[in-house]
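Peer 1: Fold the stuff below for me.
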Amino acid sequence: MNTHRSFVKENDRTDVSNEVGMPDRGAPREIIARSLRRERERVGLSLSELGKRAGVAKSTLSQLESGAGNPSIETLWALSLALDIPFSRLVDPPCTPVQVIRRGEGPAVRSEQAEYRTALLSASPPHARRDIYLVSSEPGSRRVSDPHAPGVVEHVVLCTGRALVGPAEAPVELLPGDFMSYPGDLPHVFEALETGTTASLVSEHN
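Peer 2: I've put the predicted structure just below:
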């Protein structure tokens, strides 16, 4: 593992954006604190050793694990590389079978290098296969999908227009930038409510 990284300054205060309206998922700082401590202890590293490998000050790591720090994307990437884990494992909150994240919500982190913000919508489970589709739909009829293979989960990000998406018994109206995940092994629907509706759909096979 390459341990020669640029040292992250101790007073790195790049904001971790708080979520709006979804308190049950936990604040990003708390998620990062729990995840970082769990992964560091899993591999048996001290704060000093992890800091050395990632190029992050020990005091900064201590703040992060206490939920007081504001790590940037660059800091979290350095830590994930040092821990040999996916970036998503540090920021992924617990989720329910049906999940909706509105545009601007979700556990997000910002870059210290540019006006750049990333929000994790869904982390891939180990050994899962994900197929990506672009959906184009027009109003007038509802697309009803029969259950897929057991364990399939679908993830949708609405790109343009407006649509009802999700479980057939309780679809949710999505606007551009909204995200939703739901069991694909139950009946589910996609109904465009505006002309020119498009969406990115990811089918996850476990």
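
Peer 1: Let me see the contact set for Leu174.
Peer 2: Contact analysis of Leu174 by CB atoms under 8 Å, 6 or more residues apart in numbering lists 100, 156, 158, 162-165, 180, 199. Bear in mind the C-beta positions are built from the backbone N, C-alpha and C, glycine included.

Peer 1: what sits opposite the closest residue to it other than its chain neighbours in the beta ladder?
Peer 2: Nearest residue to Leu174, sequence neighbours excluded (CB to CB, 6 or more residues apart in numbering): Leu158, at 4.2 Å. Taking DSSP bridges as the rule, Leu158 bridges to Ala199.

Peer 1: What's the separation between Leu158 and Met180?
Peer 2: Distance from Leu158 to Met180, counting by CB to CB, to the nearest Å: 8 Å.

Peer 1: Check Ser111 too.
Peer 2: 26 Å.

Peer 1: quick one on the thing from earlier: hey, what's in contact with both of Leu158 and Met180?
Peer 2: Counting by CB under 8 Å, 6+ apart, the residues touching both Leu158 and Met180 are 165, 174.

Peer 1: May I see the buried residues of the longest helix along the chain?
Peer 2: In the chain, assigned by DSSP state H, the helix with the most residues is helix 28-42. For helix 28-42, a neighbour-count test (16 or more other CB atoms under 10 Å) marks 28-29, 31-33, 35-37, 39-40 as buried.

Peer 1: Going by distance to Ile85, which of these wins?
Peer 2: Closest to Ile85 out of the buried residues of helix 28-42 is Glu39 (5.8 Å), distances taken as CB to CB.

Peer 1: where are the low-confidence patches of this protein?
Peer 2: Scanning the chain with the threshold set as pLDDT under 70 gives 1-27, 114, 116.

Peer 1: How is it partitioned into domains?
Peer 2: Per automatic domain parsing, the structural domains of the chain span 16-97, 129-205.

Peer 1: Same list, the ones you listed, but as JSON lines with distance to Thr118 please.
Peer 2: Output for the domains of the chain, formatted as JSON lines (distance: least, CB to CB, whole Å):
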{"stretch": "domain 16-97", "distance to Thr118": "6"}
{"stretch": "domain 129-205", "distance to Thr118": "13"}
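
Peer 1: got the angle between the helix or strand harbouring Ser59 and helix 28-42?
Peer 2: Element membership for Ser59 (DSSP states H and E) is helix 58-65. Helix 58-65 and helix 28-42 are oriented at 120 degrees to each other (axes from the mean of the first three to the mean of the last three CA atoms, to 10 degrees).

Peer 1: So for helix 58-65, what gets flagged as buried?
Peer 2: 60-61, 63-65.

Peer 1: Please pull up the helix or strand immediately following that helix.
Peer 2: Using DSSP H and E, the helix or strand that follows helix 58-65 in sequence is helix 73-83.
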